[in-house]
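Engineer: kindly generate the corresponding structure for this input.
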Amino acid sequence: MPFWVNTVVALIAFGVSAVTGIFLIPLLKKLHFGQTIYEKGPAWHKSKQGTPMMGGFMFIIGTVAAAAAGYAIFRFRQSGGTAVPDNTGFYRLLAGLAFALLNGCIGFTDDYIKAVKKQNLGLKAKQKMVMQFILSAAFLYALWLLGDRSTAIAFPFFGDVDFGIFYYPVMVLYLIFLTNAVNLTDGVDGLCGSVTVIAGLSFVMLCAAMGEWEYSIFAMALAGACLGFLVWNLHPAKVFMGDTGSMFLGGAVCAMGFAMHKHLLLALIAIVYVLDALSVVVQVTYFKLTKGKRLFKMSPVHHHFELCGYSEYKIVILFTTAALIAGIAANLIYNLL
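Structural biologist: Sure, this is the predicted structure:
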């Protein structure tokens with residue numbers, strides 16, 4: 001696929017996402033859809049109280065619009081002027097987009113309860129888990145219907161390991177964990193969006209190497225749209241993505257890895273999200289085992305860096321650099337093995 005196609009996709013995604021903010025932010029303010037800052041967070045976050053949330057709609061709209069335009073261009077060129085979709089690639093792309101969008105719907109429900117119903121905790125953990133379980137299982141079933149029947153996972157340097165009947169329950173839990181890990185990373189201005197730009201670009205390179213052109217377009221659309229969102233979300237943020245946005249991003253990143261059946265490379269590309277989420281698990285476990293002691297000053301670990309004196313800009317640069325190194329490593333592993 002010509003480089004210019006992905007360039008057009010990135011520009012459309014960036015433009016739509018950034019311009020949407022001009023209209024969306026005033027609307028969110030008018031509707032009083034403001035962020036609630038909890039007491040347990042860093043004290044200086046109190047100044048962010050009331051900042052509009054649900055800004056994730058900006059990059060959701062940008063991603064979908066750019067992916068649709070990019071796919072139309074791709075199919076038109078491939079079919080010699082008769083834009084008839086290739087069924088398998090087209091439906092796999094739809095499955096991935098649907099998974100991301102429906103995760104975004106779960107996030108929107110959570111945001112809506114917080115903002116409109118004035119219930120600070122949003123969805124109950126069990127409610128959210130049940131919805132994510134059903135959605136993740138449905139996504140795996142959709143991939144199975146579209147021909148991905150393998151229950152093996154490729155381990156670099158060791159080869160494929162067949163999980164058999166355990167593959168699907170393990171992968172459902174993996175999807176839920178990683179989607180929520182992306183959600184947890186959204187705690188510092190510009191952090192989740194910046195890391196996802198790098199994750200998207202990493203998948204663009206990986207998809208190109210694998211000949212997964214439909215998902216290459218999806219990944220570029222996601223990266224471009226997140227970059228457009230950062231126009232409004234870098235410190236000091238004028239809008240937050242909310243669970244609406246972070247859950248969509250989690251679903252999108254997972255969809256790319258699973259559609260290519262590259263589960264471990266997905267974990268490497270998503271390493272920043274994974275480590276941020278694991279820091280919460282480690283903190284809670286350590287707290288219980290030591291009867292009240294903490295390993296980190298605060299979790300997720302990006303808040304630990306804040307309390308150590310790192311500015312939000314420095315945290316974004318540090319975590320984004322780590323994501324870039326991980327993305328390059330994932331592509332090197334794929335191309336060298």
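Engineer: going by C-alpha atoms from here, please, whenever you check contacts or count neighbours.
Structural biologist: OK.
Engineer: which residues of the chain fall in strands?
Structural biologist: If DSSP state E is used as the criterion, the strands of the chain fall at 152-155, 159-162.
Engineer: so Leu191 sits against Leu184, correct?
Structural biologist: No. Checked against C-alpha atoms under 8 Å, the pair Leu191 and Leu184 is beyond contact range at 10.6 Å.
Engineer: how about low-confidence regions in the protein?
Structural biologist: Low-confidence segments of the chain, defined by pLDDT under 70: 36-46, 80-86, 118-120.
Engineer: try 90
Structural biologist: Residues of the chain meeting the criterion pLDDT under 90: 1-4, 32-50, 74-90, 114-123, 154-159, 336-337.
Engineer: dead centre of it: give me the residue that sits there.
Structural biologist: Leu249 (2.5 Å; C-alpha atoms, centre = their mean).
Engineer: for it, give me its contacts.
Structural biologist: 100, 104, 179, 182, 196 (C-alpha atoms under 8 Å, 6 or more residues apart in numbering).
Engineer: now do 7 Å
Structural biologist: With contacts defined as C-alpha atoms under 7 Å, 6 or more residues apart in numbering, the neighbours of Leu249 are Ala100.
Engineer: got it, and Val16?
Structural biologist: Under the criterion of C-alpha under 7 Å, 6+ apart, the contact partners of Val16 comprise Gly62.
Engineer: how near is the nearest residue to Lys238 once chain neighbours are set aside to Met53?
Structural biologist: Nearest in space to Lys238, with sequence neighbours left out and distances taken as C-alpha to C-alpha, 6 or more residues apart in numbering, is Trp232 at 5.5 Å. When C-alpha to C-alpha, to the nearest Å is applied, the distance between Trp232 and Met53 equals 12 Å.
Engineer: higher neighbour count, these two?
Structural biologist: Neighbours were counted for Trp232 and for Met53 using other C-alpha atoms under 10 Å; Met53 has more, 26 against 23.
Engineer: circling back: overlap in contacts, Leu191 and Leu184.
Structural biologist: Residues touching both Leu191 and Leu184 do not exist when contact is defined as C-alpha under 7 Å, 6+ apart.
Engineer: hmm, back to that, common neighbours of Trp232 and Met53, please.
Structural biologist: With contacts defined as C-alpha under 7 Å, 6+ apart, the residues adjacent to both Trp232 and Met53 are Val239.
Engineer: go ahead and confirm Ala100 touches Ala252.
Structural biologist: Yes. Proximity of Ala100 to Ala252 meets the contact threshold set by C-alpha atoms under 7 Å, at 4.7 Å.
Engineer: show me what contacts Ala69?
Structural biologist: Under the criterion of C-alpha under 7 Å, 6+ apart, Ala69 has no neighbours.
Engineer: what separation do you get for it and Ser150?
Structural biologist: According to C-alpha to C-alpha, Ala69 and Ser150 sit 31 Å apart.
Engineer: now swap in Lys128 and tell me
Structural biologist: Looking at Lys128 against Ser150, where the rule is C-alpha to C-alpha, the gap reads 28 Å.
Engineer: out of these two, which sits in the busier spot?
Structural biologist: Set side by side, Lys128 and Ser150 give different neighbour counts by other C-alpha under 10 Å, the larger being at Lys128 (15 against 12).
Engineer: gap between the more buried one and Thr290?
Structural biologist: Computed as C-alpha to C-alpha, the Lys128 to Thr290 distance reads 30 Å.
Engineer: what's the answer for Ile198, then?
Structural biologist: In this structure, Ile198 and Thr290 are 37 Å apart, going by C-alpha to C-alpha.
Engineer: do the same with Gly257
Structural biologist: For Gly257, the distance to Thr290 (C-alpha to C-alpha) stands at 37 Å.
Engineer: who's more crowded, these two?
Structural biologist: Under the neighbour definition other C-alpha under 10 Å, Gly257 and Thr290 were set side by side, and Gly257 has more, 22 against 10.
Engineer: quick one: Ile325 from Asp276, how far?
Structural biologist: With distances taken as C-alpha to C-alpha, Ile325 is found 16 Å from Asp276.
Engineer: any idea how far Leu97 is from Phe218?
Structural biologist: With C-alpha to C-alpha as the criterion, Phe218 and Leu97 are 8 Å apart.
Engineer: the two - which one has more neighbours?
Structural biologist: For Phe218 versus Leu97, neighbours defined as other C-alpha under 10 Å are more numerous around Phe218 (29 against 23).
Engineer: how many residues are close by Tyr310?
Structural biologist: Applying the criterion other C-alpha under 10 Å, we find 15 residues in the vicinity of Tyr310.
Engineer: next one: it from Ala277, what distance?
Structural biologist: Here Tyr310 is placed at a distance of 19 Å from Ala277 (C-alpha to C-alpha).
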